[in-house]
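Novice: Build me a model from this:
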Amino acid sequence: MTIAATATMFDNVLLHNGLVTAFATVGIVMWGASQISKRLTKGRLHASAIAIMIGLALAYYGGVATGKEKGLADFALFSGVGLMGGAMLRDFAIVATAFEVQVREARKAGMVGAVSLLLGTVVPFVVGALVARAFGYSDAISMTTIGAGAVTYIVGPVTGAALGASSDVIALSIATGLIKAIIVMVGTPFAAGFLGLNNPRAAMVFGGLAGTVSGVSAGLAATDRRLVPYGALVATFHTGLGCLLGPSVLYLATKALVGG
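Specialist: Okay, here's the model as predicted:
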């Protein structure tokens with residue numbers, strides 16, 4: 001069998017097994033991101049944030065190269081990425097994350113953890129919505145979607161999809177959450193002394209206020225690895241709480257204030 005025939009057969013296998021190809025592609029991207037994180041940033045910038053930046057770059061390239069709207073999924077070879085990144089698997093991932101939380105352990109955060117979790121959801125949302133308004137997004141759906149992205153980069157697209165936001169607004173919400181995660185990752189070690197991040201209770205409060213699991217985990221890992229489980233424990237709830245409040249209470253509040 002010639003090299004050309006082998007390549008053609010290999011392409012056909014990839015084309016007819018789109019979802020498997022998508023998982024393999026994501027696996028390669030995650031491996032590359034972990035190497036970049038470990039070798040170039042010494043772990044200070046979490047691999048998940050780097051992988052998201054690579055994903056956004058690939059999506060942009062796909063849109064520019066094909067002139068369509070589905071990013072990398074517009075290439076026939078990577079059509080499975082559209083299914084892998086669709087609502088079904090996304091919601092499954094969210095539910096799977098929630099199952100990792102142990103209620104007995106979560107109770108240790110107490111009322112302080114609950115208050116910090118609520119503030120960590122509402123305050124970033126308000127800031128994100130105001131920034132969106134400042135840049136000309138004055139309708140309630142766009143403001144809510146971008147504000148939800150400031151909570152986490154998962155809450156943004158979930159909220160946008162529920163409200164029927166445009167693809168560019170959803171992309172902005174993801175970018176907003178990514179920027180927040182990077183700021184938390186990089187800034188936590190420098191602010192640890194000022195914030196008093198030297199005990200589990202403080203780590204839980206910080207996790208509730210910061211909200212991004214990847215940002216909190218990486219930031220605390222660079223500060224004191226023993227605090228990571230406590231911060232991540234409370235931060236984990238942000239995805240579920242944000243997805244619950246974003247398309248409902250926060251959207252209705254935003255619509256009542258700005259109309260439309």
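Novice: from here on, contacts and neighbour counts on C-alpha atoms
Specialist: Noted.
Novice: For this structure, give me the ranges with low pLDDT.
Specialist: In the predicted model, the chain carries pLDDT under 70 at residues 1-7, 10-11, 13-14, 44, 46, 86-110, 260.
Novice: and stretch 194-201, which residues are buried?
Specialist: Along stretch 194-201, these residues count as buried under the neighbour rule (16 or more other Cα atoms under 10 Å): 197, 200, 201.
Novice: Residues in contact with it: which ones?
Specialist: Defining contact as Cα atoms under 8 Å, 6 or more residues apart in numbering, one finds that stretch 194-201 is touched by 109, 192, 202, 203, 206, 224, 227, 230, 231.
Novice: Filter these down to the buried ones.
Specialist: Of the contacts of stretch 194-201, these count as buried by 16+ other Cα under 10 Å: 109, 192, 202, 203, 206, 227, 230, 231.
Novice: want to throw those into CSV with distance to residue 150 and secondary structure?
Specialist: Listed next are the buried ones among the contacts of stretch 194-201 as CSV, based on distance: Cα to Cα, whole Å; DSSP: H, G, I helix; E, B strand; the rest coil:
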residue, distance to residue 150, secondary structure
109, 23, helix
192, 22, helix
202, 22, helix
203, 20, helix
206, 16, helix
227, 24, helix
230, 22, helix
231, 18, helix
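Novice: The residues you listed: which two are farthest apart?
Specialist: Pairwise distances among those were taken by Cα to Cα; the largest, 19.2 Å, belongs to 109 and 192.
Novice: Please identify which helix or strand holds residue 38.
Specialist: Using DSSP states H and E, the secondary-structure element containing residue 38 is helix 18-40.
Novice: Just list what that helix packs against, helices and strands only.
Specialist: Contacting helix 18-40 under the criterion 3 or more Cα pairs under 8 Å, 6 or more residues apart in numbering; DSSP states H and E are the following elements: helix 3-16, helix 47-66, helix 80-84.
Novice: Now with 6 Å, please.
Specialist: Applying 3 or more Cα pairs under 6 Å, 6 or more residues apart in numbering; DSSP states H and E, one finds that helix 18-40 makes contact with helix 47-66, helix 80-84.
Novice: about what we covered before: the buried residues of stretch 194-201 in helices, which ones?
Specialist: 200, 201 (DSSP state H).
Novice: Now render the buried residues of stretch 194-201 as CSV, adding distance to residue 24.
Specialist: Formatted as CSV, the entries for the buried residues of stretch 194-201 read as follows, by distance: Cα to Cα, whole Å:
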residue, distance to residue 24
197, 38
200, 37
201, 39
